[in-house]
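Chemist: give me a 3D structure for the following:
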Amino acid sequence: MSPDEKKHRIREAIKQIAIRGSEIRPMIIAIEDLHWVDRSSEDYLKGLLDSISGARVFLIFTYRPEFVHTWGGKSYHYLMNLNRLSNHESLLMVAHLLGTDDLDMELEELILERTEGVPFFIEEFIKCLKDLDIIAKEDSKYRLEKDIQAVIVPSTIQDVIMARIDSLPVGAKKLIQMGSVIEREFSYQIIEQLIDLTEQELISYLSVLKDAEVLYERGVFPNSTFIFRHAMTREVIYNSLMLKKRREIHAEVGRAIELTYQERLEEFYEALAYHYSISGANEKAYQYLKLSGNKATQNHSLWEALGFFRKAIDKLKKMPEKPEKIRKQIEVIKLAEMPMRLLGYPEDSFDILHEGEELSKKLNNTEDTAIFSGIIGLYYAQKGDPSKAENYLDNCLRHIEQIQEVKIITPLVFDICVSYLIRGEYFKILKVIPKVLTLITKTETKLEFFGKPSNCYSMFHAWYGFCLGACGEFTEGKQFLDKSLFLALSLNHSYTIGMVECFHSWYFSIMGDGKNCIKHAQNSIKNLKKAKAYIYLHMAWTFLGIGHYLLDDFNTCFEHIKKGLEIHSKLGLTFFESFHHAYLSMAYLEIGDIEKTRNHAEYALKVSRDNIEKNNEAHSKIMLARAILKSDKSEFNQAKDQIMDALKILDEFKIKPIYAVGLYFLGETYADVGLKDTAEEYFKKAETEFNKMDMAYWLGRTDKAMRRL
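Modeler: Modelled structure (predicted):
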């Protein structure tokens, strides 16, 4: 089972446990301290929230005000702010803690003045007063035992906590300081490694801390775990340590984890990265940050992966300048590129990639320079700067000629193909892919991913099959697409399956097969969601819309294409924006909304020209021509010229199916102004091409158009 499939199955299992459990009895799930949640866990919680609206599940989240959630708009969500307690409520809590509501007036005033209605503060303050023998019970009444002016009473929650810790035996205090550095939760095995005490002494001091309710114990000794009763207690103790002392203990904790869990160290990469990062051991920190990033990438926790790689890069910058350091920086940046790409290149992505390029040049490393040329070329292609993309990709191709290594050539060709797809240069893909397929077969590396998010061998077959279809060779193209899907399914890799299904859907959308277009788009969406591959999810939604267009279900068509456009917009992408608008224009034309047809076509034309997406430019021109003529028949020449320009582009780029569709729309353009003979001429040309390519949907439309003549 692939990592992303395992992750999906685990999430689904937990969700089903909650839902099935609620069918037996109402279920309450409480999750504390959500302000510390990682992105992957937060994504899981969002999924759980979406699935419980009809279940008997009560979810309780606690978090600090700075945490920003995304589920506030749900009808079954209720926000309750926990404000400070009133004086009356505070005294009720004090009565509960002391077992009586009979308090001396001076004691009441002291508690209310110092704790200010904060429940945790009240609880800790009462314990502190008892530990310091400041209060005493006489009969059933609590009173101040000492003159309040003669003793130092802690005035803040931090002071209260530290006063309680300072009152502990020296050994117990040292132990809890060590524990605060480990984390809120720590195991007996780790604390045993860290502290210089006999087993009996250690057990004794742990008992003291449990009795003082500083720690709770979970599990059976000696495999037990100790947990700070409150996160703030741990924070206060940790912050009380001198910075130098903290760093020393963090380093000791790292060594203890390595020694204790050497048989299953992978489970502790993140903890080791954390401890060695704070300790100042930059080399160790870099190693474990890199390993944590790889682990997160494999688990499709992409934001976490990118965060680990960024920190690894920062640690390397603090190390002495040596060629080995530069090689390590290049390696980490290449690893960071995958989560960057899948997340749509967030924030400082270009700066990191550019640094990798400069470091490669500094070492005169031809292979890495070529790799970064391809990576940055793809970055510019997806961010909508085609001229820079072309320069980088040309540079990449020049370097490839000097390289014969499959592990170098494969990812470079992968990046180049993505850029060609964006620009509609399908005929170029048909030239470069056969060579790399031969090389992969020869080197028996079909199952390798070559550092890419999807299996390269499967994707090359999918791209080659799609491009054959886009150039009019549908029968041969289907063979390659079927092989690509077989390979992807045998790998059971959600991202690869999602991408291969996406190109199947695109293939059928061009062919005009609505049912198959919908089927493969749905499969693509399901698998891309599993893999969190949001950067291509927008395309799958729009292909789903196109499938419904081909079945004359225009309401559903609009819904899905708009969904694709919404995802595209949220990701901040520029590439293929014109694609969505061109198809919206096409759908609005069918329902006779000429104003929206023209608006979307004009916008699609502008964006496609800006991004040099020639295939989308041609499509936009055709739609704009139809809108122009529908608005004003006197603009026939302008409309005709737009379509003729589109046909030139499509002919130059060898995109035969869309060229034939252009002929069909040119026939309609002549028919609209009563030039029936010329209209019939273009309909027959279109019919001939559709027959050659077995494009049944468009043949049917052409036949109806000729009958109308």
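Chemist: so where's this protein shaky on pLDDT?
Modeler: Within the chain, the segments meeting pLDDT under 70 span 1-7, 72-73, 147-155, 384, 386, 400-402, 404.
Chemist: residue 356 contacts residue 334, doesn't it?
Modeler: Yes: between residue 356 and residue 334 there is a contact under C-beta atoms under 8 Å: 6.7 Å. Heads up, the C-betas are built off the backbone N, CA and C, glycines and all.
Chemist: where does residue 213 sit: helix, strand or coil?
Modeler: Secondary structure assignment for residue 213 (DSSP: H, G, I helix; E, B strand; the rest coil): coil.
Chemist: please say which of residue 356 and residue 334 ends up with more neighbours.
Modeler: The residue with more neighbours, out of residue 356 and residue 334, is residue 356; 24 against 19, by other C-beta atoms under 10 Å.
Chemist: show the contacting residues for that one.
Modeler: Contact criterion C-beta atoms under 8 Å, 6 or more residues apart in numbering gives 329, 330, 333, 334, 368, 372, 375 as the residues in contact with residue 356.
Chemist: mind saving the C-alpha coords of whichever helix in the chain runs longest as CSV?
Modeler: Secondary structure of the chain per DSSP state H: the longest helix is helix 3-24. Once side chains and other backbone atoms are set aside, the C-alpha atoms of helix 3-24 remain, and they are given as CSV (Å, rounded to 0.1, in the frame of the first residue of the first chain):
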residue,chain,number,x,y,z
PRO,A,3,1.9,6.0,1.8
ASP,A,4,-0.9,8.3,0.5
GLU,A,5,-3.3,5.4,0.3
LYS,A,6,-2.4,4.3,3.8
LYS,A,7,-2.9,7.8,5.0
HIS,A,8,-6.3,8.0,3.4
ARG,A,9,-7.3,4.6,4.8
ILE,A,10,-6.3,5.6,8.3
ARG,A,11,-8.3,8.8,8.1
GLU,A,12,-11.3,7.0,6.7
ALA,A,13,-11.1,4.4,9.4
ILE,A,14,-11.0,7.0,12.2
LYS,A,15,-13.9,8.8,10.6
GLN,A,16,-15.9,5.6,10.4
ILE,A,17,-15.1,4.7,14.1
ALA,A,18,-16.6,8.1,15.1
ILE,A,19,-19.7,7.8,12.9
ARG,A,20,-20.4,4.1,13.6
GLY,A,21,-19.7,4.6,17.3
SER,A,22,-22.3,7.4,17.3
GLU,A,23,-24.9,5.0,15.9
ILE,A,24,-24.6,3.0,19.1
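Chemist: gap between that helix and the chain center?
Modeler: Averaging C-alpha coordinates over helix 3-24 and over its chain gives two centres that are 20 Å apart (C-alpha atoms, centre = their mean, to the nearest Å).
Chemist: so which residues make contact with that helix?
Modeler: By C-beta under 8 Å, 6+ apart, the list of residues contacting helix 3-24 from outside reads 1, 27, 29, 44, 47-48, 51-52, 55-57, 298-300, 492-495, 530-532.
Chemist: just the buried members of those?
Modeler: Buried members of the contacts of helix 3-24, scored by 16 or more other C-beta atoms under 10 Å, are 27, 44, 48, 52, 55, 57, 300, 493-495, 530-532.
Chemist: can you list the domain ranges for this protein.
Modeler: Taking automatic domain parsing as the reference, the chain has its domains at 3-61, 87-161, 269-457.
Chemist: quick one, phi psi at the residue of the chain most remote from its centre?
Modeler: Largest separation from the mean C-alpha position in the chain: residue 139, at 62.8 Å (C-alpha atoms, centre = their mean). In terms of degrees, to the nearest 10, the main-chain angles of residue 139 are phi 60, psi -120.
Chemist: how far away is it from residue 129?
Modeler: Using C-beta to C-beta, to the nearest Å, residue 139 is found at 18 Å from residue 129.
Chemist: ok, residue 382 next?
Modeler: Taking C-beta to C-beta as the measure, residue 382 falls 63 Å from residue 129.
Chemist: neighbour-wise, which of the two wins?
Modeler: Set side by side, residue 382 and residue 129 show unequal neighbour counts under other C-beta under 10 Å, the larger going to residue 129 at 26 against 22.
Chemist: hang on, that one in a helix?
Modeler: Yes: the assignment for residue 129, made by three-state DSSP, places it in a helix.
Chemist: excluding chain neighbours, what is closest to it?
Modeler: For residue 129, the nearest residue in space outside its immediate sequence neighbours is residue 135; the separation is 4.6 Å by C-beta to C-beta, 6 or more residues apart in numbering.
Chemist: rewinding a little: go through the contacts of helix 3-24 and flag which are in strands.
Modeler: Secondary structure of the contacts of helix 3-24 is defined by DSSP state E; positions in strands are 27, 29, 57.
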